[in-house]
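Participant: Any chance you could fold what I've pasted below:
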Amino acid sequence: MRRIAGLLLAPLLLLSAVACGSDDKASDSASSKNGVPAITAGAKFGEKPTLSKGEGDPPKELKTDVISEGDGAKLKNGDAIQVNYLGQAWDSTKPFDNSFDRKQPFDLTLGAGMVIQGWDKGLVGQKVGSRVELVIPPELGYGEQGQGDIKPNATLVFVVDVLKATQIPASAKGTEVAQDNIDLPKVGVKTDGKAPTVTIPKGDPPKKLVSNYVLESDGEVVKESDSVVVNYVGMIWKGAKEFDNTYSTGKTQTFPLSQVTLKGLKNGLIDKKVGSRVLLVIPPDQAFGDQQQQAIPKNSTLVFAVDILAKV
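Facilitator: Purely as a prediction, here's the structure:
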């Protein structure tokens, strides 16, 4: 079973593609500090930094330098975190991307493989409110293949501001909602952190989007501007074939809803409550339509059981 998450939303930096490069240039005259390129302007947390070019050969191992330490909780694998960042190659004076200019922080689940390994490894243990500088060797970055403007075997330098972190529960929890429509799939209600069962009926699927609570929590309502942290099982109605399952990997997914391209998934989660489990039945016109996607045939109706674990 191939992972389908990359088809659900627009590509993000560090996921599958590098966003447009920045035209800002760093200084190439400042000395390195603590073995990492110096920040020559915008050194304070929250300010867009300017980085000098690395001097000499880059370090062979991952290096994390705490520029300023926050007083928040330490980051752990599984936390949903939000950061601002600027990225630059060691031997370059030009950043290849930054979130400061977009004025849109980047959301991710730490340790979930959503980002390059250097981020997952280098940010664990850092405190919320901290600014850290990461120097990431190629094997923990994009390796021999490179990515976009990033050359093969490039050592990468990132300045990262850790804005906030949310601990993620193992399962949705809430009041069981009756599933009494025999024409719709039935979703299990166990809250042990394992994938819920999904039983799809033999008849024809509905023609319109279905978004029903299975477990209704009393959490905040999800808005289109939110990023949500979810676990889900995805199935094809015809043949009741599973095509994706985040529970089996032990890694949640974080979706910025504004960037979700699967219309039915986006619409089905908006206005639902954080902490709930939701059944989504997505007709082809709100799924992938007449386009085949990996193991999903064209004109497929999709079924999702989604635990909305948090929003960031």
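
Participant: Check the nearest residue to Phe288 once chain neighbours are set aside and give its pLDDT.
Facilitator: Leaving aside its sequence neighbours, Phe288 sits nearest to Ile296 (C-beta to C-beta, 6 or more residues apart in numbering; 6.1 Å). In short, each C-beta sits where N, CA and C put it, glycine included. Ile296 carries a pLDDT score of 94 in this model.

Participant: again, but for Val303
Facilitator: Confidence score, pLDDT, at Val303: 98.

Participant: In this structure it contacts Ala287, no?
Facilitator: No: judged on C-beta atoms under 8 Å, Val303 makes no contact with Ala287 at a distance of 10.2 Å.

Participant: For those two, work out which one has more neighbours and name it.
Facilitator: Under the criterion of other C-beta atoms under 10 Å, the comparison of Val303 against Ala287 puts Val303 first, with 25 against 22.

Participant: For Ala41, list each beta-bridge partner.
Facilitator: Here Ala41 sits in beta bridges with Thr50, going by DSSP bridges.

Participant: That one touches Thr50, doesn't it?
Facilitator: Yes: if you go by C-beta under 8 Å, Ala41 and Thr50 touch, sitting 4.0 Å apart.

Participant: Please say which of those two ends up with more neighbours.
Facilitator: Between Ala41 and Thr50, Thr50 has the larger neighbour count (other C-beta under 10 Å), namely 21 against 13.

Participant: Per-residue pLDDT of the more buried one, please?
Facilitator: For Thr50, the predicted pLDDT is 95.

Participant: Tell me how far it lies from Thr249.
Facilitator: Thr50 is 38 Å from Thr249, where distance means C-beta to C-beta, to the nearest Å.

Participant: could you pull out the helices for the stretch 1-150 of the chain?
Facilitator: Here the stretch 1-150 of the chain has its helices, by DSSP state H, counting those that start in this stretch, at 117-123.

Participant: tally of neighbours for Phe45?
Facilitator: The number of residues near Phe45, taken as other C-beta under 10 Å, comes to 17.

Participant: hmm, I was thinking of Asp183
Facilitator: So Asp183, with other C-beta under 10 Å, has 11 neighbours.

Participant: same deal with the one 3 residues further on?
Facilitator: Burial of Lys186 is recorded as 18 neighbouring residues (other C-beta under 10 Å).

Participant: can you check Ile81 too?
Facilitator: Neighbour number of Ile81 under other C-beta under 10 Å is 24.

Participant: Could I get the contacting residues of it?
Facilitator: 75, 107-110, 123, 128, 162-166, 312 (C-beta atoms under 8 Å, 6 or more residues apart in numbering).

Participant: Going by contacts, tell me the helices and strands next to the helix or strand of the chain with the lowest mean pLDDT.
Facilitator: Ranking every helix and strand in the chain by mean pLDDT, DSSP states H and E puts strand 253-256 at the bottom, with a mean of 84. Where contact means 3 or more C-beta pairs under 8 Å, 6 or more residues apart in numbering; DSSP states H and E, strand 253-256 is packed against strand 106-109, strand 227-236.

Participant: could I get these as a markdown table with mean pLDDT, mean neighbour count and distance to Gly268?
Facilitator: What follows is those, written out as a markdown table (pLDDT from 0 to 100; neighbours: other C-beta atoms under 10 Å; distance: least, C-beta to C-beta, whole Å):
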| stretch | mean pLDDT | mean neighbour count | distance to Gly268 |
| --- | --- | --- | --- |
| strand 106-109 | 88 | 24 | 19 |
| strand 227-236 | 94 | 23 | 11 |
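
Participant: Format these as CSV; extra columns: distance to Glu220.
Facilitator: Formatted as CSV, the helices and strands packed on strand 253-256 follow (distance: least, C-beta to C-beta, whole Å):
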stretch, distance to Glu220
strand 106-109, 16
strand 227-236, 11
